[in-house]
Structure formats: C-alpha cells, structure tokens
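1. Coordinates for the following, if possible.
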Amino acid sequence: QVLRQFVRHESETAGSLVLERSMNRVQLLGRVGQDPIMRQVEGKNPVTIFSLATNEMWRTGDSDVGQGGDISQKTTWHRISVFRPGLRDVTYQYVKKGSRIFVEGKIDYGEYTDKNNVRRQATTIIADNVIFLSEGSMKDKV
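-> All right, here's what the predicted structure looks like:
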C-alpha cells in the first residue's frame, strides 16, 4: 500500500476542505564540516547539529568535456539537525569532521533571536536518515 501525505487547505471557489498531496524532501551527499554538537533547550528534546558541505563542479571555456578548460567549484554549507532519538545519538557519537555521509530529510525555514536580540533567518535540514559512507577526511585515505 502506498503511503500518502496530505495537506489541507480551503478551496477559494467552493469554500470546502480539499486534500492535496505535497512533499518536502532533501537528499544531500557531502563531507561533514565539524564534529557534531548536541544541544538541549530547557523543556525540549536534545538535538545533534553539524554542518555538511556539498560541492558543485563545472568546466569553464568552450572546450569539450575532457578537453582542457578550467574547472570551477562552488561549495555550499548546510546546517543539519537530527532530532530522532536513536539516530541523534548515533550521529553524535560516530560522525566526525571530514566524514562522507548521505543525509535524507526535509528543509525547514525558521527564525531565531541572536544574542544581540536581532531576529535572524535560519535554514536547516531536519534529518530523518543518515548513511555513513566513510570515516575521516580524504587525507586519511591517501
């Protein structure tokens, strides 16, 4: 049986409740930027947090693939939060800076107030699956 997720909204024309399928899924493959930290806000469950770098590479110039030209690269950093109790603890214990991992989850846009009482935007990936592909950095493998 297929699992379906629905979001309710009011139809502008009929004013009745309509069920609509929706999806918020993210898949990332990259390297961990720093050892995870575990935080706990009073009255809430703990969360493991770490950063993950993904790279986009492309060849510049008019040459064909494999034929000269410069290679350019852009690194994007993602904030990963793990709330699920078992996964949160394993991630905190075994993920290390430089580890290559695959993360599945959903993207979350939120706000917080910093220590200077300024409201800031925050984009976070809420992980519900983390797959460990390697330990350590590439320097350790060479």
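2. Now do the contacts for the residue nearest the centre of the chain.
-> Of all residues in the chain, the one closest to the mean position by Cα atoms, centre = their mean is residue 125, 3.5 Å from it. Applying Cβ atoms under 8 Å, 6 or more residues apart in numbering, one finds that residue 125 lies in contact with 26, 28, 52, 78, 79, 80, 81, 103, 105, 106, 107, 108. From N, CA and C alone the C-beta is placed, and that goes for glycine too.
3. between those, which is closest to residue 18?
-> Residue 18 lies nearest to residue 106 out of the contacts of residue 125, by Cβ to Cβ, at 22.5 Å.
4. just the strands in this protein please.
-> Along the chain, counting by DSSP state E, strands occupy 6-10, 17-21, 26-32, 37-39, 47-59, 71-82, 100-113, 119-132.
5. and these, which one is worst for confidence?
-> Least confidently modelled of those is strand 6-10, at a mean of 44 by mean pLDDT.
6. Now for residue 104, how many residues are close by?
-> 14 (other Cβ atoms under 10 Å).
7. Quick check: the nearest residue to it once chain neighbours are set aside vs residue 120, distance?
-> Distances taken as Cβ to Cβ, 6 or more residues apart in numbering place residue 129 nearest to residue 104, at 4.1 Å, with adjacent residues excluded. Per Cβ to Cβ, to the nearest Å, residue 129 is found 28 Å from residue 120.
8. out of all of them, which helix in the chain is the longest?
-> helix 85-94 (DSSP state H).
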